[in-house]
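Asker: this one's sequence-less:
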Ligand SMILES: Nc1ncnc2c1ncn2[C@@H]1O[C@H](COP(=O)(O)OP(=O)(O)OP(=O)(O)O)[C@@H](O)[C@H]1O
């Protein structure tokens, strides 16, 4: 509740709360006592959740070598710095760096770890950062780096490999895009593809492309050539194959693994000069579905000085091992807890007994006013997503569904409608679970318990993004008694209140761990429907009769 109040208050942080609190006589003004305690509690929560650092934190070491954290507004600091020469990096030494890291629970390890940046202006003095690029950041509303950006940008600009893990919605996309664009600007001499970003889904690739396009707006390289970014779509793939477009045209390409491999195998795109290779949602790209394709991409990038980067909100230990084996002295950056969800999300479990109970639970949420759009509902299969869509349509809920059987155009249109607020409730499979940045999603419902703790973290991460608060509800039934355990553990790690019975329930035997790992934690689910069984049987018989009659006619013909 406190967290919700603090977050919904947004940027209107009371700046004087600190000094005032000190000056107040607690013993005399007893009625204000509670308010002051509240303020202290709030500032504590703010510090922990301020991933977007609306307030600037500057650290200084005083004579007694004690750290003092001083807040300065963006304007104040801008006024004091009259001219480029006077802009000084905010973080200048290891003590300041470690205090900054402590403030956002950053854990950074590796050989020769560079200092983080305290503000985007630090980049000008430390890395001769491009002014147009800085302008593009500010014009898009990015005035202060988020913790993952503070850490990752200097690492990449020092040309180091990086394995980065930060909460969902904490700005990882810009954490790899900002240094990438700067490095392309620095590398004036060579033409052709230098930066490659791999994403597991088309939707996410498209989103990264849009961000990269905005960031490289009006940036020109040698001979006034604009920096060229492309999304490797089906049509661009065909153009490259037919040599309608030359493969040297682009500086940065964003693609899904399969599409990229297709053009590379047809020798329509040369990856041998790629200098920066970024895997977004790295744990997905190195799991069993994609690992071979990711490996093919790595082998096609032959540049000896290839810089590799891996990003995700979840990095399981097997992916860490892969990262260590393919990277050169990587720097490992973890913001927050590796197995936890974003702390801006209020997480809740609802026991529904059985499958019918889930439909009742949704209707109850509607009745109780908890079903506040925009809402995303995740299900485990296409069939189930379609079935729930039909059920909710009957309830006259403004809803649509996205899954792998819908065409790219349909998917794009639905996403647009959802983003514009025309569509209130989006039903989907895990195809939209990762990376997609819908601003202001109020509620995520896991209609089916996700298959792993990682899937859970990504699914619920569609809400509570960019410093906003959000809510996630997970339905479970008797048959989810094992699958729910890792979810309770994530809730614990993320600081949610977990009752004693939940805590007991979360304990896993070796066998249970094994069955979760092998995806055998739950059995086949019953169909989603409110149509009585007798009607369903009648309908099926009718369909069978029609099919049989069609068959007979065909045979006669
Ligand atoms: N420095 C910043 N200041 C303010 N907002 C930012 C900043 N950096 C990123 N954002 C915003 O935060 C939101 C989430 O960013 P992003 O999509 O990169 O998250 P993410 O960490 O990649 O999440 P996920 O793990 O789900 O992929 C976006 O709307 C983005 O525009």
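Answerer: Sure thing, it's come through. For clarity, every value in this text was computed on a predicted model and none was experimentally measured.
Asker: Could I get the contacting residues of residue 274?
Answerer: 193-196, 301, 303, 306 (Cβ atoms under 8 Å, 6 or more residues apart in numbering). From N, CA and C alone the C-beta is placed, and that goes for glycine too.
Asker: Same question for residue 443.
Answerer: Counting by Cβ under 8 Å, 6+ apart, residue 443 touches 370-376, 463, 470-473.
Asker: Likewise for residue 508?
Answerer: Residue 508 makes contact with 482, 485-486, 516 under the criterion Cβ under 8 Å, 6+ apart.
Asker: Next SSE downstream of the helix or strand residue 176 falls within?
Answerer: Using DSSP states H and E, residue 176 maps to helix 172-186. Per DSSP H and E, the first helix or strand lying C-terminal to helix 172-186 is strand 195-198.
Asker: Would you mind listing where this structure has pLDDT under the threshold?
Answerer: 1-89, 189, 520-523, 530-534 (pLDDT under 70).
Asker: of the contacts of residue 274, buried ones?
Answerer: For the contacts of residue 274, a neighbour count by 16 or more other Cβ atoms under 10 Å gives the buried set as 193-196, 301, 306.
Asker: which of those residues are close to the ligand?
Answerer: Within the set of these, contact with the ligand (Cβ under 6 Å from any ligand atom) is found for no member.
Asker: Just give me the longest helix of the chain.
Answerer: helix 533-556 (DSSP state H).
Asker: residues of it that come out buried?
Answerer: Neighbour-count burial for helix 533-556, counted by 16+ other Cβ under 10 Å, picks out no residue.
Asker: and it, how far from the chain's centre?
Answerer: How far helix 533-556 lies from its chain's middle: 47 Å, per Cα atoms, centre = their mean, to the nearest Å.
Asker: Please, where are all the helices along the stretch 151-300 of the chain?
Answerer: With DSSP state H, counting those that start in this stretch, the ranges of helices along the stretch 151-300 of the chain come out as 172-186, 202-215, 234-241, 257-265, 282-285, 291-300.
Asker: what sits against the closest residue to the ligand within the stretch 1-150 of the chain?
Answerer: Residue of the stretch 1-150 of the chain nearest the ligand, by Cβ to the nearest ligand atom: residue 142 (4.1 Å). Contacts for residue 142 (Cβ under 8 Å, 6+ apart) come out as 120, 174.
Asker: got it, and residue 226?
Answerer: Taking Cβ under 8 Å, 6+ apart, we find residue 226 in contact with 216, 218-220.
Asker: Go again with 10 Å.
Answerer: Residue 226 makes contacts with 216-220, 251, as judged by Cβ atoms under 10 Å, 6 or more residues apart in numbering.
Asker: How about residue 526?
Answerer: Going by Cβ under 10 Å, 6+ apart, the list of residues near residue 526 reads 354-356, 358, 477, 479.
Asker: Also residue 256?
Answerer: Counted by Cβ under 10 Å, 6+ apart, residue 256 has contacts 198-206, 231-233, 262, 285, 290, 293.
Asker: residues in the chain within reach of the ligand, list them.
Answerer: The chain has residues 52, 142, 144-146, 149, 166, 168-174, 313, 435, 437, 439, 461, 465-466 near the ligand, with proximity defined as Cβ under 6 Å from any ligand atom.
Asker: Among these, name the buried ones.
Answerer: If we count by 16+ other Cβ under 10 Å, the residues of the chain next to the ligand have these buried: 52, 142, 144-146, 149, 166, 168-174, 313, 435, 437, 461, 465.
Asker: would CSV of the helices of the stretch 151-300 of the chain with distance to residue 494 be doable?
Answerer: Listed next are these as CSV, based on distance: least, Cβ to Cβ, whole Å:
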stretch, distance to residue 494
helix 172-186, 18
helix 202-215, 23
helix 234-241, 39
helix 257-265, 30
helix 282-285, 18
helix 291-300, 28
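Asker: List just the one of these that sits closest to residue 333.
Answerer: Across these, residue 333 has its closest neighbour in helix 172-186 (8.9 Å, Cβ to Cβ).
Asker: what about the helices in the stretch 301-450 of the chain?
Answerer: Going by DSSP H, counting those that start in this stretch, the stretch 301-450 of the chain shows helices at 317-326, 355-367, 382-394, 408-420.
Asker: would a markdown table of those helices with distance to residue 451 and mean neighbour count be doable?
Answerer: What follows is the helices of the stretch 301-450 of the chain, written out as a markdown table (distance: least, Cβ to Cβ, whole Å; neighbours: other Cβ atoms under 10 Å):
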| stretch | distance to residue 451 | mean neighbour count |
| --- | --- | --- |
| helix 317-326 | 16 | 15 |
| helix 355-367 | 17 | 17 |
| helix 382-394 | 13 | 18 |
| helix 408-420 | 22 | 15 |
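Asker: now those in JSON lines, with distance to residue 527?
Answerer: Putting the helices of the stretch 301-450 of the chain into JSON lines (distance: least, Cβ to Cβ, whole Å) gives the following:
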{"stretch": "helix 317-326", "distance to residue 527": "35"}
{"stretch": "helix 355-367", "distance to residue 527": "8"}
{"stretch": "helix 382-394", "distance to residue 527": "7"}
{"stretch": "helix 408-420", "distance to residue 527": "24"}
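Asker: Correct me if wrong: residue 410 contacts residue 400.
Answerer: Yes - using Cβ atoms under 10 Å, residue 410 is in contact with residue 400, at 9.0 Å.
Asker: how near is residue 502 to residue 457?
Answerer: Distance, residue 502 to residue 457, using Cβ to Cβ, to the nearest Å: 18 Å.
Asker: So between those two, which is more surrounded?
Answerer: residue 457 (27 against 18; other Cβ atoms under 10 Å).
Asker: need the contact list for residue 366.
Answerer: 372, 392, 395, 397.
Asker: who wins for most neighbours among those?
Answerer: For the contacts of residue 366, counting by other Cβ under 10 Å, the largest number of neighbours falls to residue 392: 21 neighbours.
Asker: Show me what the nearest residue to that one once chain neighbours are set aside bridges to in the sheet.
Answerer: Ranked by Cβ to Cβ, 6 or more residues apart in numbering and with sequence neighbours excluded, the top spatial neighbour of residue 392 is residue 399, at 4.6 Å. Counting by DSSP bridges, residue 399 is bridged to residue 425.
Asker: And for residue 399, the neighbour number?
Answerer: Per other Cβ under 10 Å, the neighbour tally for residue 399 reads 20.
Asker: any idea how far it lies from the ligand?
Answerer: 23 Å (Cβ to the nearest ligand atom, to the nearest Å).
Asker: And that residue, how far from residue 536?
Answerer: 22 Å.
Asker: On the three-state scheme, the residue in the stretch 451-557 of the chain that the ligand sits nearest to is what?
Answerer: Here the residue of the stretch 451-557 of the chain nearest the ligand is residue 466; by Cβ to the nearest ligand atom that distance is 3.5 Å. Here residue 466 is recorded as coil under DSSP: H, G, I helix; E, B strand; the rest coil.
Asker: could we number from 33 for the rest of this?
Answerer: All set: I'll call the first residue 33, so the last point we hit is now residue 498.
Asker: Not counting its neighbours along the chain, what's nearest it?
Answerer: Spatial nearest neighbour of residue 498, chain neighbours left out: residue 201 (5.7 Å); criterion: Cβ to Cβ, 6+ apart.
Asker: Enumerate every residue touching that neighbour.
Answerer: When contacts are counted by Cβ under 10 Å, 6+ apart, residue 201 touches 83-84, 178, 345, 374, 376-377, 467, 469, 471, 473, 493-500, 502.
Asker: Identify the residues contacting the residue lying closest to residue 374 once chain neighbours are set aside.
Answerer: With sequence-adjacent residues excluded and distances taken as Cβ to Cβ, 6+ apart, residue 374 is closest to residue 199, at 4.1 Å. Shown in contact with residue 199 (Cβ under 10 Å, 6+ apart): 83, 178-180, 345-346, 367-369, 372-377, 489, 493, 496-497, 526.
Asker: switch to 8 Å and redo it
Answerer: Counting by Cβ under 8 Å, 6+ apart, residue 199 touches 83, 345, 367-368, 372-375, 493.
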